[in-house]
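Trainee: Let me see the structure of the following:
(4 chains)
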Number of protein chains: 2
Amino acid sequence: MIRKSNVTIKDIANKLGLSTSTVSRALSGNKDVHPKTREAVKELAAQLDYQPNVLAQNLKMQQTHIIGVIIPESANPFYARVLSGLLNVATQHGYNVITLQSMESEAAEKNNVDVLINARVDGVIASLSVATMNLDHFEKLKARGYPLVFFDRVPDDPDVSRIVSDNYDSAFRATEHLIDLGCKRVARVNGPLHLNHCRWRLRGYKDALEKHGIPVREDYIVHTRYHAYDVELYTKKLMNMPEPPDGIFAINDKAAIEIIKTLKIMKYRVPEDVAVIGFNNEFYGEFVDPPLSSIEIPAYEMGRASMQLLLDQIHEDEPIHRQVTIPSRLVIRESSQRGVVSI
Amino acid sequence: MIRKSNVTIKDIANKLGLSTSTVSRALSGNKDVHPKTREAVKELAAQLDYQPNVLAQNLKMQQTHIIGVIIPESANPFYARVLSGLLNVATQHGYNVITLQSMESEAAEKNNVDVLINARVDGVIASLSVATMNLDHFEKLKARGYPLVFFDRVPDDPDVSRIVSDNYDSAFRATEHLIDLGCKRVARVNGPLHLNHCRWRLRGYKDALEKHGIPVREDYIVHTRYHAYDVELYTKKLMNMPEPPDGIFAINDKAAIEIIKTLKIMKYRVPEDVAVIGFNNEFYGEFVDPPLSSIEIPAYEMGRASMQLLLDQIHEDEPIHRQVTIPSRLVIRESSQRGVVSI
DNA sequence: CTGTTAGCGCTTTCAC
DNA sequence: GTGAAAGCGCTAACAG
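Mentor: Predicted structure coming up:
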């Protein structure tokens, strides 16, 4: 495979009878170069379609203009949207993005960190895998001075930049909405509690109940992993209780949809017998039967904000750690309405 | 931002009283190094947690172990899944992936190519943007010797590697399925004809009609761009014809769902009055009302195959151009069934 | 089997 | 304002 040999700074220097240093300076816009020289260099460079060899620049400058991104899975629509936002901001600023998937495995995530260190990325953006209990690999990254931003699934450590949605508030609002609707027994399908945002959402749920004088019942709280294949199981278990819930606040839209499916099979009506709310407001929520209420998290914006913050961090001298909370929005559809006109 | 200075080959050489070349050789598993020396080097390297500086390697070897990927949009679930497959194979083989989005714009796509050339990637995988009419930018890539693989939305050029699904066959089968169902007037919502696969799908549709002695009616063929916001418009137009279609074969599931929504508003029953089939078999098709028939394209596999082929190409001496067709599967659900038991 | 030397292409002191 | 020289960290002839 023969790749057309590229024009180098040396070629330009030779043709113009200059030294490579002058050419380098001219090209980089260094001011103490004679305007005429600069012009000549730039003109010839353009004419020869000169492209600086980034590999040489990288070695010299010890930076790559590459950002490493670790997400659980790119096929997950939430992360796909975040990624889209990340990429757009990166491209705008002349950075490239290397994406790695942890596939929800801690071991893979650790390996991803090593890959990124090895690739000498300029910074890292990550969202934790469900399985991750130990954060040593990210500590390593921090210790080596890598700028680091977490989003959505973030560690507790307040000493690191984090972009999250208003998990407590949104869960509170969703739960309160179900209560306002008349639900007396609201169940919550929650994620693993070692994940920060799952704890916040659970807290929002509990506080909303409390505010309305409804006692929290642990048997109405289902603890799942994400991507669990046990939706049918726990739904049946919930509904076969002596006092089955009349409202279910699910961990995400996918789970909500499968819960509804199970409820239908069990001959419950949604929302008349059981109201259901999901999370993430995937676009198809509008088209399922009944249309699904959900909480919209601006994933694309979250991606943009994360990349923005990371780039800021890279260009700051002082290490800055900022926490950004992105507001979500409760989207009410028929799965959580009773005798009310659709909004 | 101080980054912990890394151990270099020189450090190891000094501590062991060797030359850097010997260390380099030992590390790279070069055979003509004394076993004892090799052991000593490897041991010390491990002990010092030596990581080769890829930036130096890259410059020296003129390769980056980075693959550039250009997709229309990462938030598109189809591409998100392909990406997942691509990434997994790349990681397995020690390659990293830089992802770029064309956002369905030809200008952005051209720019993406320049970014990748500039980044000195080892190869490129791409799926064309809807807007792309001119392929000079990819010609440039080929001319410079970059290994290149297209998938899904590929150019006509037989002189390039392409991974596609069996577009003709799947469209043929889907159309025939509608005919078997009793549809006499099957409409097709098609994509832009400058895209190769849209032409094949249209051809499959037409040939199926022809096989069954049904004349092709151009007014049953809707030409859309992807991501068009005119679903309601063309659906109404179709249904307001004197002889409205009794079957619609849509460009993708999203369109199909919105078509169904419009049909419902117009008081048509699906599938009794109009049967509908989508494309891509998104997971939510199972949960919409009625559950949507579709054609399943193994996107993840397509991603894997593309990366596999590209890596082969990179490691081959001779440039190989291979065409791979990945079989799809017709998934029949209630939106295209009449009085038949669900499969 | 090992060391010396050169160089990948660029940036950046340090002289002049 | 410009050039010479050094070096980023590694690999690979070429000698020995």
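
Trainee: wait, A:Thr235 sits on A:Lys264?
Mentor: No. Using C-beta atoms under 8 Å, A:Thr235 is not in contact with A:Lys264, being 10.6 Å away. The way it works is simple: take the backbone N, C-alpha and C, and place the C-beta from them, glycine included.

Trainee: and the two? which has more neighbours close in?
Mentor: A:Thr235 (27 against 12; other C-beta atoms under 10 Å in any protein chain shown).

Trainee: Report the contact partners of that one.
Mentor: Each residue near A:Thr235 by C-beta atoms under 8 Å, 6 or more residues apart in numbering or on different chains is listed here: A:248, A:258-259, A:262-263, A:266.

Trainee: Could you report the separation of it from DNA strand C?
Mentor: To DNA strand C, A:Thr235 is 60 Å away according to C-beta to the nearest atom of the strand, to the nearest Å.

Trainee: So which of the contacts of A:Thr235 is the closest to DNA strand C?
Mentor: A:Glu258 (54.7 Å; C-beta to the nearest atom of the strand).

Trainee: hmm, back to that, by neighbours, which of the contacts of A:Thr235 wins?
Mentor: A:Ile248 (31 neighbours).

Trainee: Just list whatever residues bridge to it.
Mentor: Counting by DSSP bridges, A:Ile248 is bridged to A:Ala187, A:Val276.

Trainee: show me the contacts for it.
Mentor: Going by C-beta under 8 Å, 6+ apart, A:Ile248 touches A:186-189, A:235, A:238, A:256, A:259, A:274-277.

Trainee: Out of these, which end up buried?
Mentor: A:186-189, A:235, A:238, A:256, A:259, A:274-277 (16 or more other C-beta atoms under 10 Å in any protein chain shown).

Trainee: hang on, the earlier thing: just checking, which of the contacts of A:Thr235 belong to helices?
Mentor: A:258-259, A:262-263 (DSSP state H).

Trainee: Now the two most distant members of these.
Mentor: A:Glu258 and A:Leu263 (9.7 Å; C-beta to C-beta).

Trainee: want to try a markdown table for the contacts of A:Thr235, with distance to B:Thr91 as columns?
Mentor: As requested, the contacts of A:Thr235 are exported to a markdown table (distance: C-beta to C-beta, whole Å):
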| residue | distance to B:Thr91 |
| --- | --- |
| A:Ile248 | 37 |
| A:Glu258 | 30 |
| A:Ile259 | 34 |
| A:Thr262 | 36 |
| A:Leu263 | 40 |
| A:Met266 | 42 |
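
Trainee: Switch the residues you listed over to JSON lines; also include distance to B:Gly123 and pLDDT.
Mentor: Putting the contacts of A:Thr235 into JSON lines (distance: C-beta to C-beta, whole Å; pLDDT from 0 to 100) gives the following:
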{"residue": "A:Ile248", "distance to B:Gly123": "48", "pLDDT": "98"}
{"residue": "A:Glu258", "distance to B:Gly123": "40", "pLDDT": "93"}
{"residue": "A:Ile259", "distance to B:Gly123": "44", "pLDDT": "96"}
{"residue": "A:Thr262", "distance to B:Gly123": "46", "pLDDT": "96"}
{"residue": "A:Leu263", "distance to B:Gly123": "49", "pLDDT": "97"}
{"residue": "A:Met266", "distance to B:Gly123": "52", "pLDDT": "97"}
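
Trainee: Which one of the residues you listed is nearest to B:Val82?
Mentor: B:Val82 has its nearest neighbour among these in A:Glu258, at 24.8 Å by C-beta to C-beta.

Trainee: Would you agree that closest one is in contact with A:Leu233?
Mentor: No. With contact defined as C-beta under 8 Å, A:Glu258 does not count as touching A:Leu233 (10.7 Å).

Trainee: Just give the nearest non-adjacent residue to A:Leu148, would you?
Mentor: A:Val124 (5.1 Å; C-beta to C-beta, 6 or more residues apart in numbering or on different chains).

Trainee: if I look at the one you found, how far off is B:Val186?
Mentor: The spacing between A:Val124 and B:Val186, counted by C-beta to C-beta, to the nearest Å, is 51 Å.

Trainee: What of A:Arg338?
Mentor: For A:Arg338 relative to B:Val186 (C-beta to C-beta), the value is 41 Å.

Trainee: Check A:Asn58 too.
Mentor: Going from A:Asn58 to B:Val186 by C-beta to C-beta gives 56 Å.

Trainee: Repeat that for A:Lys36.
Mentor: Here the criterion is C-beta to C-beta. By it, A:Lys36 lies 71 Å from B:Val186.

Trainee: Ok, A:Glu318 next?
Mentor: Noted for A:Glu318: a distance of 65 Å to B:Val186, by C-beta to C-beta.

Trainee: try A:Asp159
Mentor: Distance of A:Asp159 to B:Val186, given as C-beta to C-beta: 62 Å.

Trainee: what do you get for A:Leu128?
Mentor: For A:Leu128, the distance to B:Val186 (C-beta to C-beta) stands at 49 Å.

Trainee: Over to A:Phe150?
Mentor: Distance from A:Phe150 to B:Val186, counting by C-beta to C-beta: 51 Å.

Trainee: for A:Ser328, same thing?
Mentor: A:Ser328 is 43 Å from B:Val186, by C-beta to C-beta.

Trainee: beta partners for A:Thr99?
Mentor: With DSSP bridges as the criterion, A:Thr99 is bridged to A:Val69.

Trainee: Return the residues in contact with it.
Mentor: With contact taken as C-beta under 8 Å, 6+ apart, A:Thr99 is in contact with A:69, A:71, A:74, A:83, B:83, B:87, B:97, B:99.
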